[in-house]
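Peer 1: based on what follows, work out the 3D shape:
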Amino acid sequence: TLTYTEGKPFPDYIENATAPVRADQAPGYSNIVEGVTPLDLPAGGLVDDAPIKFLPLGGLGEIGMNCALVGTENRYVLLDAGLMFPDHEELGIQKVLPDVSFLSRWRDKIEAVLITHGHEDHIGALPWVIPALDPSTPVYGGLFTMQLVERRMKEYNLWGDGKRFKVIDMGERFAAGPFAMEAVRVTHSIPDCCGYIFRCAAGTIVHTGDWKIDENPVDGRQFDREQFERVGQEGVTLMMSDSTNVLSPGRTISESAIREAMMQKVLGHKGRIITTQFASNIHRLYGVKAAADASGRKIAFVGMSLNTYLEAAKKAGIAPIDPEELVPAEEIDNVNPSQLIIVTTGSQAEPRAQLAQAATGSSRLITLHPDDLLLYSAKMIPGNEKRVMRMMNAIAVRGPEIAMRREDGLHSSGHAYRDELEEVLKMLHPEHFLPVHGEYAFLKEHEALARSVGVRHSTVIGNGQMLGVTPLRNGQSHGLLGNMHLLGEARLQTMFNDGGWGSGTSEDLAIEERMRIATEGIVVVDLEVFDNALGGAGANETDVVGESSDETDDETNDADTSPNTGARKSGGFVKNRPTSGFMTARARVTSRSMWTDEGRLLANLRDAAERSVEGLESGARLSAVERTAASAVRFACRNYCNKRPDIIVVAHRGTLDAETKQRLAAAAAARGAGRGGMVGASGTRYRARSRSRATAPTGVRPLRSADGPKGDGGGGNRHMRSDPSYQ
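Peer 2: Here you go, the predicted model:
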């Protein structure tokens, strides 16, 4: 699953390297030493294999599905296990997952899982990742993050006794796999977010996680500049940093400024306040709480996910609102509107969210009124703009005032802007830099920013590409292939989940077929077939073999090869032959997601299905009948409406009664059915084809003069419908 350059095997160890002892082999062991020296190299030698390795399974060249392996000496830790939400082409899919089958094949190399924070694009894939790893593999994360992980694991019955899930404190040093780890507090749009410092004999790695620098956080938990400055002075071999907002100049707005803006909006409105936000943004609830206290209002939550995150925050001791003080969603109508703030989900116009349902008047909990004020305290995720604006238009029609302009100052990004990215690059001043977490254009721009502040060694890779990093020696490159180079590429396959138990590759979940059915439609044919329904003697004809008649002579060859037996009669041989003649069929056709031309298309397809089996000999296999009918229906549909729908034919043998036989005979006579035909290579007899209708137009004036160079009247073949230039 991993192809290496020049066919070299991946070494299990680096010769003459000094590596930390495994934590499970040395109780109480810690290799955290100030000023850890890089890898001890042979005097004057070149490094043949990079000692630091990074293999992203997702999150590079895309937003979401953050998951990567960080390793040294063929020992790895898994950094995050996130999911990604699907594009509109992935119909019926709710989650896009990293390649857990690859993790399963590498489970003996993966010694720990590290979680940076609790967003779905960092923990959402854990229910699929955890079963792929060794049952003893520990999982590390902050207290609030682990509350979310616990709930998700219990939902999938994966929590067990919970001993493998370990809570870490910010600034704590601990051992994970081959690394001596240190968690660094960063500020983000969710509590308990951290970056990680990886220390090993080969050098120091810093991964920032998702971050911004909030100079005045509402919960008082500051971005840990001191810790970053200290590790920068020690020396950083490789730095990886969030690239989401590298194209945005300046700095992000503090969450405290959002709180002040929200208070002003609430104090300036006399009617009911409805605010929508990302459910995970616990910091935003500080502003809601402050505005409610300042205006004397009560707070109500409408949306299950809001309560989920608030309960996790309460267990972690960081809840800005006591869940017991909330007004139950069912009692909203009993509270004076001027004394209420409703916090609801649906900022991205999710169809089942309460705000989206309220916009159409279908919510049983929220009814919009003209004197309501809606505070849109979120950001439209790229790809959701049309859906969100459609919801906002529906809300505006119902009368509420909407505050969602940039000037309203109701939202701040959780990802650092350009000036903050530059500040941390200068703070750490790494030997090597790898931008992560962003579209490919963002990664390239972040790489250029790093070079502009003096980072000499920087590159951009994609998912599945293993990067090798060799630490500098006396400030000089000394790797055989340079300091940063690709060691190989893993053949990854994206996994999908349909929101239930269905998970697998795109082929397993038939994603391409879903899209084809959505755009082309589907036709279902119920085909009742009858063997020899038009035969003169009925379903079981009795022939006398050996009589001197022309028809009998033609049938004798069939009798010789027939397994059926009979009795001697009048010098001949009596044989019951149920397979003589040809098939007849009666079809019922229905379609979905197609234009039917007021039923004419279905009538045309029904006729095509019935005609198709008339060329098959009685007794043909039903599978052959289905293939023949499907091909005929597909061709007829293509000719009628230029569509290529999925065709499903279900054939079954019917029972003849007198009325059915009479009707089939009349229909066959109307179509001119005959007994002649051809015999195929497999021995199957086919009804004679009707003469093809001439499709070429006649009497068409030539398009060129009569003295054309081709001697064809100057028109060439352009008057033929088969010519693509014919108009």
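
Peer 1: could you use CA atoms for every contact and neighbour count after this?
Peer 2: Will do.

Peer 1: ranges for the strands of the stretch 51-200 of the chain?
Peer 2: 52-58, 67-72, 75-79, 95-97, 110-114, 139-141, 165-167, 173-176, 179-185, 194-200 (DSSP state E, counting those that start in this stretch).

Peer 1: okay, the ones you listed in a markdown table with mean neighbour count and distance to Thr459 next?
Peer 2: Listed next are the strands of the stretch 51-200 of the chain as a markdown table, based on neighbours: other Cα atoms under 10 Å; distance: least, Cα to Cα, whole Å:
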| stretch | mean neighbour count | distance to Thr459 |
| --- | --- | --- |
| strand 52-58 | 25 | 12 |
| strand 67-72 | 24 | 17 |
| strand 75-79 | 23 | 20 |
| strand 95-97 | 26 | 25 |
| strand 110-114 | 23 | 24 |
| strand 139-141 | 24 | 29 |
| strand 165-167 | 15 | 34 |
| strand 173-176 | 20 | 27 |
| strand 179-185 | 26 | 24 |
| strand 194-200 | 24 | 20 |
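
Peer 1: any stretches of this structure with poor pLDDT?
Peer 2: Across the chain, the ranges flagged by pLDDT under 70 are 1-48, 474-475, 478-482, 533-580, 664, 667-727.

Peer 1: what residue is smack in the middle of it?
Peer 2: Among the residues of the chain, the one closest to the centroid is Val96, at 3.1 Å (Cα atoms, centre = their mean).

Peer 1: residue contacts, it?
Peer 2: Taking Cα atoms under 8 Å, 6 or more residues apart in numbering as the definition of contact, the neighbours of Val96 are 65, 83-86, 494-497.

Peer 1: recalculate using a threshold of 7 Å.
Peer 2: Residues in contact with Val96, defined by Cα atoms under 7 Å, 6 or more residues apart in numbering, are 83-86, 495-497.

Peer 1: can you show me the strands along the stretch 401-550 of the chain?
Peer 2: For the stretch 401-550 of the chain, the strands defined by DSSP E, counting those that start in this stretch cover 401-403, 432-436, 457-458, 465-469, 484-490, 495-497, 503-504, 522-531, 541-545.

Peer 1: now the strands for the stretch 201-350 of the chain?
Peer 2: Under DSSP E, counting those that start in this stretch, the stretch 201-350 of the chain gives strands at 203-207, 238-242, 273-276, 298-302, 340-344.

Peer 1: just send the ones you listed back as TSV, with mean neighbour count too.
Peer 2: What follows is these, written out as TSV (neighbours: other Cα atoms under 10 Å):
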stretch	mean neighbour count
strand 203-207	25
strand 238-242	23
strand 273-276	23
strand 298-302	22
strand 340-344	23
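
Peer 1: distance to Val167 added to those strands, as JSON lines?
Peer 2: Formatted as JSON lines, the strands of the stretch 201-350 of the chain follow (distance: least, Cα to Cα, whole Å):
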{"stretch": "strand 203-207", "distance to Val167": "19"}
{"stretch": "strand 238-242", "distance to Val167": "23"}
{"stretch": "strand 273-276", "distance to Val167": "31"}
{"stretch": "strand 298-302", "distance to Val167": "29"}
{"stretch": "strand 340-344", "distance to Val167": "30"}
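
Peer 1: related to what we said a few turns ago, hey, what's the residue nearest to the centre of the chain bridged with?
Peer 2: In this entry, Val96 is beta-bridged to Met84, Phe496, by DSSP bridges.

Peer 1: against Pro337, how distant is it?
Peer 2: Separation of Val96 from Pro337 (Cα to Cα, to the nearest Å): 41 Å.

Peer 1: do the same with Pro645
Peer 2: Pro645 sits 53 Å away from Pro337, going by Cα to Cα.

Peer 1: which of the two has more neighbours?
Peer 2: More crowded of Pro645 and Pro337, by other Cα atoms under 10 Å: Pro645, with 23 against 19.

Peer 1: quick one: contacts of stretch 302-309?
Peer 2: Outside stretch 302-309, the residues that touch it by Cα under 7 Å, 6+ apart are 279-280, 329, 343-345, 354.

Peer 1: and with 6 Å instead?
Peer 2: 279-280, 329, 344-345 (Cα atoms under 6 Å, 6 or more residues apart in numbering).

Peer 1: quick check, nearest of the residues you listed to Ser631?
Peer 2: Ser631 has its nearest neighbour among the contacts of stretch 302-309 in Thr345, at 48.9 Å by Cα to Cα.

Peer 1: dump the residue contacts of the closest one.
Peer 2: If you count contacts by Cα under 6 Å, 6+ apart, Thr345 has them with 276, 303, 353.

Peer 1: the same query, at a cut-off of 10 Å, please.
Peer 2: 275-279, 301-306, 352-356 (Cα atoms under 10 Å, 6 or more residues apart in numbering).

Peer 1: ranking those by neighbours, who comes first?
Peer 2: Leu355 (32 neighbours).

Peer 1: and that one, which of the three is it?
Peer 2: Judged by DSSP: H, G, I helix; E, B strand; the rest coil, the three-state class of Leu355 is helix.

Peer 1: in this structure it contacts Ile274, no?
Peer 2: Yes - Leu355 lies in contact with Ile274 (Cα atoms under 10 Å); the separation is 9.3 Å.

Peer 1: from Ala112, how far out is Val206?
Peer 2: Note on Val206: its distance to Ala112, by Cα to Cα, is 17 Å.

Peer 1: now do Trp128
Peer 2: Going from Trp128 to Ala112 by Cα to Cα gives 16 Å.

Peer 1: Val469 too?
Peer 2: Per Cα to Cα, Val469 is found 21 Å from Ala112.
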